[in-house]
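1. Fold the following and give me the result.
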Amino acid sequence: MTIDDFFTDDIIIRYLCDLRAKKAKQRSEKHLIHLISQKEKLNHHKFQTEEEIYLKKILPPRRKWKKLGKVKRYKTKWQKINSFDYNTKCIYITVKYYLHHYPNEPFVIALNDFIITVREIINSNDYCIQPPRIYPKHKKPEKKSSVCRPIAVYSIVDKLVISKTNAYLTKVFDSGFYDASYAFRATREVNKKQIQVNHHTAIEDILTYRKKYKGKKLYVAECDMSKFYDSVNHSVIKNQFQKKLKSLRKKGIKIDERAIHIFYSYLKSYNFIKNVLPLNKDNNFWEYKNFSKDCYFEWVEEELLQKGHYKRTARATIGIPQGGAISGFIANLVLDFADKQVLKSKDKKLLYIRFCDDMIIMHPYKYGCMNAIVKYENALLNLKLIPHEFHLMHLNKKIEFWDKKSKQPYKWSSNHTAIKHFPWIGFVGYEMHFTGKIRVRKSTLKKEIKKQKKVVHKIIRSIDNNNLNKRKGTVMESAIHRLIGMSVGRVTMWNHNNLENEMCWVNGFPELSDNKYLRKQLKKLDHYRNYQIKFLKKYLKTVEEKKPSTDKRAKKKYYGKPYSYYKQMLDT
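-> Coordinates of the predicted model:
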């Protein structure tokens, strides 16, 4: 297997189709706001990103998209494919059609030039990935925090090269990583089926382990790292990369040198100290991004110096981009060292699961958990990383329990009366009771509630000062469909038994099952959605509705011109 297998014409075209469909989805959401408002700044047709403009040059315009036949539109007898998949397939069959029948079409020529450019890039020893543009994103928008994450945005060409190189590296290196690290992994073959492991798989492992020790108390420890992406050292990454390369070569596995060159080029393209930290003092940057001047990118310089990782950080090469595909591979590459250190004890009773920089440890005995924690913490220190401080839990203080990210071993049991026992654990978006009942993590539920509020307030801001461009009933109907679709998708009462939930909040939690804890959460979610709908309805009463036009010619239009214009032409 070489890197060429991941850069075929078909793979490149499919990647671009996916990217164009994502942009279409984003623009669709903006279009709904544009339709109900008269504000010029909300007209998304006049404000397009460089990426959108470039994609339109190398892909067919929307008016030329081929439509799918009736059979291809349906996923099952009852369910249509979602809008994203529909658009992706439409763009793909359109491109294939024009490539075969109209090779001189302008976008076809531009697309062929793009593919040739990509091929030249991966075969060039002089290719360097350009430093990304940095975009700030609020770390905790629900708490109105001024702390931001630096999201890296690469050009389309670099993004494509990074993505497909990451796919190649993940495929080659995956067999050497710890099985129970479930983030950014390649597909696995289980019972002759290809399965993608993820955080849901981690929850399944915990449930299986709990059943194994049914009726017994278990000790649990949790750990999270402080600013992993912003503090991981480039020298450590290179060292771990070289070790893995030697290991694979000993097994007779050849690694494409071009992929190695792109990997090192990716590392050179970003340094947190040079690319991100100076922006904290650049007021023009925050004004241009429409962020408050109080916003800033947080870092852990003091902690790095206190741990003795550096004498000074000014010249250090630290950090990998958040938003770059290869960063996920690097996380597994570096933290696999910590995995191997924990597993050296060969304790069969130990359950150790890692998802990116989050990990959870379970053991029937407290010393088993403590032993694993010590090894894990020492491994992170060797990697020049900083774990959050392990806190001794006061299990009668529930708020303190949920707020702490790293916890020393505590008893996980269903005994509610005991002070040193706690019935819940939290991991990767879920909270699991000792009895096996699962609910959504409280912080995740708060984020969804915040999204509901954001949808309604976005509509209100777009129509303030009597800028309403549609009927009030149309606005209300659009808002209700949007809020319900966010939660459960397009499913309704009459077809919920036959349809799968897609592209919605519920679809992100397939391990959930009916229980009293989950019902309480879903009722809260429904209650807050209804509250937002009532709030919008109340606000619309204060807004003047646009009167319908009395001009008869404005009602009848044909291809952008009044019907009378064409009627006059026909009469003459």
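2. Every contact and neighbour count from this point should use C-alpha atoms.
-> OK.
3. Any stretches of this protein with poor pLDDT?
-> 43-46, 141-144, 394-400, 415-420, 492-499, 501-503, 546-572 (pLDDT under 70).
4. What residues sit buried inside the longest helix seen in it?
-> With secondary structure taken from DSSP state H, the chain has its longest helix at helix 9-36. For helix 9-36, the neighbour count (16 or more other C-alpha atoms under 10 Å) marks 12-22, 24, 27, 31, 33-36 as buried.
5. do stretch 540-547 as well
-> Under the neighbour-count criterion of 16+ other C-alpha under 10 Å, stretch 540-547 has L540, V543 buried.
6. same deal with stretch 277-294?
-> Per 16+ other C-alpha under 10 Å, stretch 277-294 contains these buried residues: L277, L279, F285, W286, F291.
7. With stretch 474-484 instead?
-> For stretch 474-484, burial by neighbour count (16+ other C-alpha under 10 Å) applies to V475, M476, A479, I480, R482, L483, I484.
8. How about the second one, nearest residue that isn't a chain neighbour?
-> Excluding the flanking residues, the one nearest M476 by C-alpha to C-alpha, 6 or more residues apart in numbering is K537, at 7.1 Å.
9. State the number of residues packed around the one you found.
-> 15 (other C-alpha atoms under 10 Å).
10. wait, H421 sits on P409?
-> No. If you go by C-alpha atoms under 8 Å, H421 and P409 don't touch, sitting 10.7 Å apart.
11. So these two - more neighbours on which side?
-> The residue with more neighbours, out of H421 and P409, is P409; 25 against 21, by other C-alpha under 10 Å.
12. can you pull the contacts of the closest residue to K64 other than its chain neighbours?
-> Nearest non-adjacent residue to K64, counting by C-alpha to C-alpha, 6+ apart: T94, 7.5 Å away. T94 makes contact with P60, K64, W65, K66, according to C-alpha atoms under 8 Å, 6 or more residues apart in numbering.
13. thinking again about what came up before, what two of the buried residues of stretch 277-294 are the furthest from one another?
-> L277 and F291 (16.2 Å; C-alpha to C-alpha).
14. V374 versus the spatially most central residue of the chain, what's the distance?
-> In the chain, the residue lying closest to the centroid (C-alpha atoms, centre = their mean) is G323, at 8.8 Å. As for G323, its distance to V374 is 31 Å (criterion: C-alpha to C-alpha, to the nearest Å).
15. again with D10
-> In terms of C-alpha to C-alpha, D10 sits 49 Å off from V374.
16. same question, A167
-> 34 Å.
17. go on, H261?
-> H261 sits 36 Å away from V374, going by C-alpha to C-alpha.
18. Have a look at those two and say which one is more surrounded.
-> H261 (16 against 12).
19. I'd like to know which of the buried residues of stretch 474-484 is nearest to F228.
-> Within these, the smallest distance to F228 is 34.3 Å, found for L483 (C-alpha to C-alpha).
20. Locate the closest one within the secondary structure: which element?
-> Using DSSP states H and E, the element containing L483 is helix 472-488.
21. The helix or strand just after that helix to helix 472-488, inter-axis angle?
-> With elements assigned by DSSP H and E, the helix or strand that comes after helix 472-488 is helix 516-540. Helix 516-540 runs at 160 degrees relative to helix 472-488, counting by axes from the mean of the first three to the mean of the last three C-alpha atoms, to 10 degrees.
22. Summarise which helices and strands helix 516-540 is packed against.
-> Helix 516-540 sits against strand 438-440, helix 442-463, helix 472-488, with contacts defined as 3 or more C-alpha pairs under 8 Å, 6 or more residues apart in numbering; DSSP states H and E.
23. Between helix 442-463 and that helix, find me the angle.
-> Interaxial angle of helix 516-540 relative to helix 442-463 (the same axes, to 10 degrees): 10 degrees.
24. And the contacts of helix 516-540?
-> With contacts defined as C-alpha under 8 Å, 6+ apart, helix 516-540 is touched by 437-440, 445, 449, 452-453, 456, 460, 472, 476, 479-480, 483, 512.
25. And these, which of them are buried?
-> Buried subset of these (neighbour count, 16+ other C-alpha under 10 Å): 437-440, 445, 449, 452-453, 456, 460, 472, 476, 479-480, 483, 512.
26. quick one on the thing from earlier: show me what the longest helix of the chain is packed up against.
-> Short answer (3+ C-alpha pairs under 8 Å, 6+ apart): helix 9-36 packs on helix 50-58, helix 83-101, helix 442-463.
27. Just give me how far it sits from the chain centre.
-> In terms of C-alpha atoms, centre = their mean, to the nearest Å, the centre of helix 9-36 is set 16 Å apart from its chain centre.
28. Run through the residues that contact D339.
-> Residues counted as contacts of D339 (C-alpha under 8 Å, 6+ apart) are Y178, Y376.
29. ok, now L245?
-> Applying C-alpha under 8 Å, 6+ apart, the residues near L245 are I255.
30. State the helix or strand in which it lies.
-> Per DSSP H and E: helix 234-250 holds L245.
31. Tell me the buried residues in that helix?
-> By neighbour count on 16+ other C-alpha under 10 Å, the buried set for helix 234-250 is H234, I237, K238, Q240, F241, K244, L245, L248.
32. cool, stretch 85-95 as well?
-> Y86, N87, T88, K89, C90, I91, Y92, I93, T94, V95.
33. ok, now which ones touch the fourth one?
-> Yep, that's K89 we're talking about. C17, L68 are the contacts of K89 under C-alpha under 8 Å, 6+ apart.
34. swap in the last one?
-> Contacts for V95 (C-alpha under 8 Å, 6+ apart) come out as L59, P60, V108.
35. what helix or strand does the second one sit in?
-> Assigned by DSSP H and E, P60 falls within no helix or strand.
36. Tell me how many other residues crowd it.
-> P60 sits with 21 neighbouring residues when counted by other C-alpha under 10 Å.
37. Now do the SS call for the nearest residue to it once chain neighbours are set aside.
-> Counting by C-alpha to C-alpha, 6+ apart, P60 lies nearest to F107, which is 6.3 Å off, once chain neighbours are set aside. Three-state assignment for F107 (DSSP: H, G, I helix; E, B strand; the rest coil): helix.
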